[in-house]
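Asker: predicted model, plus sequence, below.
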Number of protein chains: 4
Amino acid sequence: MDNLQVSVAGGSGYAGGELLRLLTDHPGVEVQQVTSQQHVGHPVAQVHPNLRRRVRLNFSALVDLRPCDLLFLCLPHGESMGRVRELSNLAPKLVDLSADFRLHRADDYRRWYGVEHTAPDLLDRFVYGIPEWHRERIAASPWVSSAGCNATAAILALRPLYRAGVVDPGHTVVDIKAGTSEGGNRVSDSTHHPLRAHSLRSYKPTGHRHAAEVIQELGEGNPIPLHFTATATDQVRGVLATCHVFLREPLPEKEIWKIFRNAYGNEPFIRIVREREGLYRLPDPKLLWGTNYCDIGFERDPGSNRLVVISAIDNLVKGAAGQAVQAMNLMAGFDETAGLGFSGLHPV
Amino acid sequence: MDNLQVSVAGGSGYAGGELLRLLTDHPGVEVQQVTSQQHVGHPVAQVHPNLRRRVRLNFSALVDLRPCDLLFLCLPHGESMGRVRELSNLAPKLVDLSADFRLHRADDYRRWYGVEHTAPDLLDRFVYGIPEWHRERIAASPWVSSAGCNATAAILALRPLYRAGVVDPGHTVVDIKAGTSEGGNRVSDSTHHPLRAHSLRSYKPTGHRHAAEVIQELGEGNPIPLHFTATATDQVRGVLATCHVFLREPLPEKEIWKIFRNAYGNEPFIRIVREREGLYRLPDPKLLWGTNYCDIGFERDPGSNRLVVISAIDNLVKGAAGQAVQAMNLMAGFDETAGLGFSGLHPV
Amino acid sequence: MDNLQVSVAGGSGYAGGELLRLLTDHPGVEVQQVTSQQHVGHPVAQVHPNLRRRVRLNFSALVDLRPCDLLFLCLPHGESMGRVRELSNLAPKLVDLSADFRLHRADDYRRWYGVEHTAPDLLDRFVYGIPEWHRERIAASPWVSSAGCNATAAILALRPLYRAGVVDPGHTVVDIKAGTSEGGNRVSDSTHHPLRAHSLRSYKPTGHRHAAEVIQELGEGNPIPLHFTATATDQVRGVLATCHVFLREPLPEKEIWKIFRNAYGNEPFIRIVREREGLYRLPDPKLLWGTNYCDIGFERDPGSNRLVVISAIDNLVKGAAGQAVQAMNLMAGFDETAGLGFSGLHPV
Amino acid sequence: MDNLQVSVAGGSGYAGGELLRLLTDHPGVEVQQVTSQQHVGHPVAQVHPNLRRRVRLNFSALVDLRPCDLLFLCLPHGESMGRVRELSNLAPKLVDLSADFRLHRADDYRRWYGVEHTAPDLLDRFVYGIPEWHRERIAASPWVSSAGCNATAAILALRPLYRAGVVDPGHTVVDIKAGTSEGGNRVSDSTHHPLRAHSLRSYKPTGHRHAAEVIQELGEGNPIPLHFTATATDQVRGVLATCHVFLREPLPEKEIWKIFRNAYGNEPFIRIVREREGLYRLPDPKLLWGTNYCDIGFERDPGSNRLVVISAIDNLVKGAAGQAVQAMNLMAGFDETAGLGFSGLHPV
């Protein structure tokens, strides 16, 4: 089979860089072009120095994109919606990594993003790109919208329990710990090293936009309460989602196990992590840097009906570029794990 | 007035070291002796190198302690209960920094610590050492038990709201982020640098012992539900308590303000931190390293009845040695802020 | 004695913030005004959040500065030279923290800074502000130029040996490890957290401007070779200077000791750190965060004539604001250590 | 071709873990057994949690090792020399990652390690395992001794210049910055997180054992002076070698370029990194985490005859497990880069 010809629109950011790392080592793909507004004509490896000797392309301008088999959009949030019609002429398949097509209803953009969506008629053309829950639809769809990082961690942790009907949904609290690469590559006071180092900054106690994706996926279309808070740490990569859910009935641990095994027993990128002892009893994002895994664990509070579900991902891989490649694999008929084999480093 | 003669039993650990730093610069105190099991005869500054040129004492053996005016106990948890009777003969006043006398009921030690308390008759002789809530009793008591670090952060954040009767208590979630110095100075895999660096480790999703103190102080003697989870970060110092509480009624922000102002408006060590913009809108423990402050902020979720209350302390100061000095100041009739004037570093 | 009235021109940067922290707690000083270009009218504590409740001033405009007893200049490098004449009308004493008056010869500004000095006639009016070597001249001078951070660390480490005539000066290598706060508070790619975290960046293998100060102080006016290299670490504060010097003759360690004791035996802010065992055998800047100490240690290579001298400081204190306060203390007749008593934190 | 059957003796440490990560993904290798003294019978993935789902082996006892094609020894320093005769019966090829066979002369063990070598007759049976300099001999040898991490960084930086005869060797200073994983997985005060975090610890100003390897390789058998100093940082992985060399004659940069290009122009794992501008002008170990690259750059001091050569590696990969796999590839006739394709993460 000929290699799939792919291009990346907006490849100078962190998700774009990860995408290039993964695509370059992918056995069935050839990267045709990578665009950047700011770096046209410069070597890709100047911006992504880990790709020295690996990627020999220079950045192209967006207007110079040629037709390809599949186009990844890593444009800033808010830009995809204006360009997708035009860009979709270049490729039969699109994977959009921005937030612009994750929510199904234009109303939700108004509410959570405070903007009027400029292409509301296209919203239902995109499939929400979490393969574990929408595998068949992703495989069949020309357009996929890759999920938000914090949302991915929370949805993968909670959806099995919501589907199983065991959650009393009124008081679910999702307490996210997020790294510094989430903010992207634009410098700002919030990521100025002397200020951000060692910081535990409650940047979104309420109102985090990723909550909208979680509500959409857990409520399956119905409005449900969700109490979502995000704290910025000084890890560069990684999301830890500590999810406090209250069970309708006092389920024993083995029932919880069963629910997760049924949901994820055959998933190549989800590991249920729940050991009796040692340091690695529960998920820790540092073990996942560079990998496409989502590790999920849990603990029942013996003194109440609370269940704490903990999930960890690398925000740039399973939370962005890796999940996008996983979607591409489904869309192109590759093995779902192709190009996503890195096992992570220890210690690091 | 003559200086208060104080000694420290168990001064080689981290809380002991902080205590020596604070006492050495205290205008009304003279440190008479410092004991250590392992370092008898060696200079204190060899173990606490920040005290080079500042503390010229050598460590003494516990059996060589002489009478003094006030004795601090920084012994390992579980040792104070066996020694307090004997040690109390040395000084008319005691401040115990261990967990051994924080809970009022022997039953609670059985339940939360899994041990039989060996001096249950002494439990009610100790006042729980959070001056903001027990100032008069601390001033009048010969024996004070200094509060746990995570407990201090949670209690200071929540007690005003519980007292005001505005909390629906069934689903309060306290999500603690804790630093590496909490584990003390004994080496272990959990604090081995290559493993702990960059870690976000869910070490106590449920069952954290400090929850017992919070329940005691919020319930004021009555059993109440409390959902307490602790995650270890790789900050050396600092506790961030993200407290998710559900209000009985949809109180506006200004009512919340009023509750906190009433509780803490005159407190020298509590700052209500809630700015409209900028990086420092809410508390961050890194600003408090070395200080005795507890910074408290909050945010109302406009879409629900949730209130997120956020508090930050330095676990070794307001969460241990500083709070103990604050108690000593009350017990000895000093200005409550004496020796606790360090304002913290920025940036750091 | 009435308090000394001081003002700070350019108080929104990191050195300015440290200066305010130190001056606020200084027993003999009152801070009259603090200027900022960008934050006029805003509370100082909004920019330096550690000073909440400690400093109640708002920032003034530079043009609104009133006469005072001593004026600190913390203006950006290159601005002091243009403004010093005018500003010196406001106060009989000046301490300049910029680089503009550290070098005695206008030629050296051309060579090391690539600029033409605009006030060359004033260069010899400033005393170079390292009190350990210029105490009497600082005390007698109206104008003092505070030394560079990396230069301070290197000069304090090496000048005793150069003065003693024991160094073969041709191959001295100063290998500096510097923290992220050295770059100041302006955001840039080089201090963007995801890029700077964990970085060991050789930002000045050759040509570092602070070398000019070291040459001036070690050569005492004569040109000498000096091989100076700086590597950026991701510590926020701290300079470690690893100085490799080659001795003219194979001096034993006790002779080295004698040289350092003679030079610094009575210095309040210099500690010779050289222990036989343990973790703290040699200086480490993390122990000095917030303090005005310079710790100095050394090790003789038994197999050659090399001596490794190691010094550590906090770049914002002994390398900037603290050393400036130390100079002020001398200029105003205070105890040299006044306001500089913080002993540092451990662990941190 | 059948897979090469390999086993790892001593696979519970950090180098052993990296070896397993690399071997598991190697296209021509099957890992047969992994031994551990402490973890016999337990899953490998319990000790190396990044290998969950990737490695399904349990640890074996050393005595239960079966014959294989190639045996890696990751035993503690000092143990290999006693066991190599016996273990060599199990496999026709051995790669030893310990220090026991890196030096060619028993005298050097006495001098640098302070021990009597117990198998001096075997020293010359081992080839020193830096493929860039001993490729043919490694390919032909049954026994290879993998080089030390700091030594690898220094040798790769300097050997081209020494070979070219351009160095005045008397005053070469190698200033190493080393991470926390170098100390291995045994807990100790020196790697206790609260103490090690943010530390810049001059742990070996003189007398570092890796200097012996560098002298051996640069002197090519002749004793030469070398001034070697190591400072511990708090990076988990990575070595940065800042090498200050003095040139016999004032060579221009392009001549230096030529020397390095001649030496390494075709090397798959060496990249000459020397850009005119930007953050990545020179090597930084953080870019190399997990990779087998050695990045090398340099800068000529225009004001003297000094040349600063800077090299960076991941101590656990090019400095240990990766270099061992590279040797294995040569010994087994694989492509030299097989299994070593990871490109590293950015940002991280």
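Answerer: Thanks, I have it. Since we're looking at a predicted model, the values are computed, not measured. Numbers count the residues shown, from 1 in each chain, chains lettered A, B, ... in the order given.

Asker: after the strand of greatest length in chain A, which helix or strand is next?
Answerer: Criterion DSSP state E: the longest strand present in chain A is strand A:167-178. Downstream of strand A:167-178, the first helix or strand assigned by DSSP states H and E is helix A:193-196.

Asker: give me the pLDDT for residue A:60.
Answerer: In this prediction, residue A:60 carries a pLDDT score of 98.

Asker: need phi/psi at it.
Answerer: Dihedral pair for residue A:60: phi -100, psi 170, per degrees, to the nearest 10.

Asker: cool, residue A:222 as well?
Answerer: Backbone torsions for residue A:222, taken as degrees, to the nearest 10, come to phi -90, psi 150.

Asker: one more: the one 5 residues further on?
Answerer: Dihedral angles phi and psi of residue A:227 (degrees, to the nearest 10) take the values phi -110, psi 100.

Asker: equivalent analysis for residue A:29, please.
Answerer: Torsion angles, degrees, to the nearest 10, at residue A:29: phi -130, psi 150.

Asker: how about the contacts made by the residue of chain A most remote from its centre?
Answerer: Distance from the C-alpha centroid of chain A peaks at residue A:303, with 34.1 Å (C-alpha atoms, centre = their mean). For residue A:303, the contacting residues are B:206-207, by C-beta atoms under 8 Å, 6 or more residues apart in numbering or on different chains. Heads up, the C-betas are built off the backbone N, CA and C, glycines and all.

Asker: am I right that it sits in a helix?
Answerer: No - judged by DSSP: H, G, I helix; E, B strand; the rest coil, residue A:303 forms no part of a helix; its state is coil.

Asker: quick check: the gap between it and residue B:105.
Answerer: Distance check for residue A:303 against residue B:105: by C-beta to C-beta, to the nearest Å, it reads 16 Å.

Asker: got it, and residue A:125?
Answerer: Relative to residue B:105, and taking C-beta to C-beta, residue A:125 is found at 63 Å.

Asker: same check, this time on residue A:31
Answerer: 66 Å.

Asker: those two: which is more packed in?
Answerer: The neighbour comparison of residue A:31 against residue B:105 (other C-beta atoms under 10 Å in any protein chain shown) goes to residue A:31, with 22 against 15.

Asker: name the nearest residue to the more buried one, ignoring sequence neighbours.
Answerer: Excluding its sequence neighbours, the residue lying closest to residue A:31 (C-beta to C-beta, 6 or more residues apart in numbering or on different chains) is residue A:23, at 5.1 Å.

Asker: ok, residue A:132 next?
Answerer: The shortest distance from residue A:132 to any non-neighbouring residue, by C-beta to C-beta, 6+ apart, is to residue A:267 (5.5 Å).

Asker: tell me the SS of that neighbour?
Answerer: Classification of residue A:267 by three-state DSSP places it in coil.

Asker: start to end distance for stretch A:235-243?
Answerer: 20 Å (C-alpha to C-alpha, to the nearest Å).

Asker: mean confidence score for it?
Answerer: Mean predicted lDDT for stretch A:235-243 stands at 98.
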